[in-house]
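*Asks:* sequence below, structure please.
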Amino acid sequence: MRPAHLVSLGILASLVVAAPIISAQAGGLDDPTIVAIFDAANTVDIETGQLAVERGSTEAVRNFGKMLVTDHTNVRKMGRDLAAKLGVTPTPPADQSAAKAHQATMQKLRSLHGTAFDRAFLEHEIAFHAATISAVTTTLLPAIKNAELKALVEKVAPAFVGHQKMAESLLKGL
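*Replies:* Model prediction:
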């Protein structure tokens, strides 16, 4: 079995592969693609949060996972409701590297237990939220054309920062 720190580096490496995809597609971003990316980002954190609920070795990690599931489920619903209201059909990016990287991350997280899981999960959440915040502020927001979509993304962006800070705090406590 690989040492926990090598496994968590592998998880971070797969995230680093996925994060630039949003930036690489900046020229081709339109609102339907942004809605799909927004939906996918929330789905990713719902899935990793649920895994933390099931596998976290501490109550604090399990509770953080529950919060991620709740918060991102609510935000994903807001995005889906807005898309329906606007008549926008989400169009996923042609490049599916982000989805593949997420699958690899989930597989690696599922192989861990105890504090090794907690550490890798929290490191993933810190990196994921940092990459998401960067993509939102530098790529997605400037590309959004619809005012209501832009307002929604701006409204929920601070929650990503809050999640990142909470993960950092929990990691320090391990």
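*Asks:* can you count the residues close to the closest residue in space to Ala157 that isn't next to it in sequence?
*Replies:* With sequence-adjacent residues excluded and distances taken as C-beta to C-beta, 6 or more residues apart in numbering, Ala157 is closest to Val136, at 5.6 Å. Placement of C-beta: from N, CA and C, glycine included. Val136 is flanked by 22 other residues according to other C-beta atoms under 10 Å.
*Asks:* list the contacts of Val136.
*Replies:* Val153, Ala157, Phe160 (C-beta atoms under 8 Å, 6 or more residues apart in numbering).
*Asks:* so the first one is in which element?
*Replies:* Translated: Val153. helix 147-172 (DSSP states H and E).
*Asks:* thinking again about what came up before, can you redo the contacts of Val136 as CSV with pLDDT?
*Replies:* Formatted as CSV, the contacts of Val136 follow (pLDDT from 0 to 100):
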residue, pLDDT
Val153, 93
Ala157, 91
Phe160, 91
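*Asks:* now which of those would you call buried?
*Replies:* Among those, those scoring as buried are Val153, Phe160 (criterion: 16 or more other C-beta atoms under 10 Å).
*Asks:* can you redo the contacts of Val136 as CSV with distance to Val69?
*Replies:* Formatted as CSV, the entries for these read as follows, by distance: C-beta to C-beta, whole Å:
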residue, distance to Val69
Val153, 20
Ala157, 19
Phe160, 15
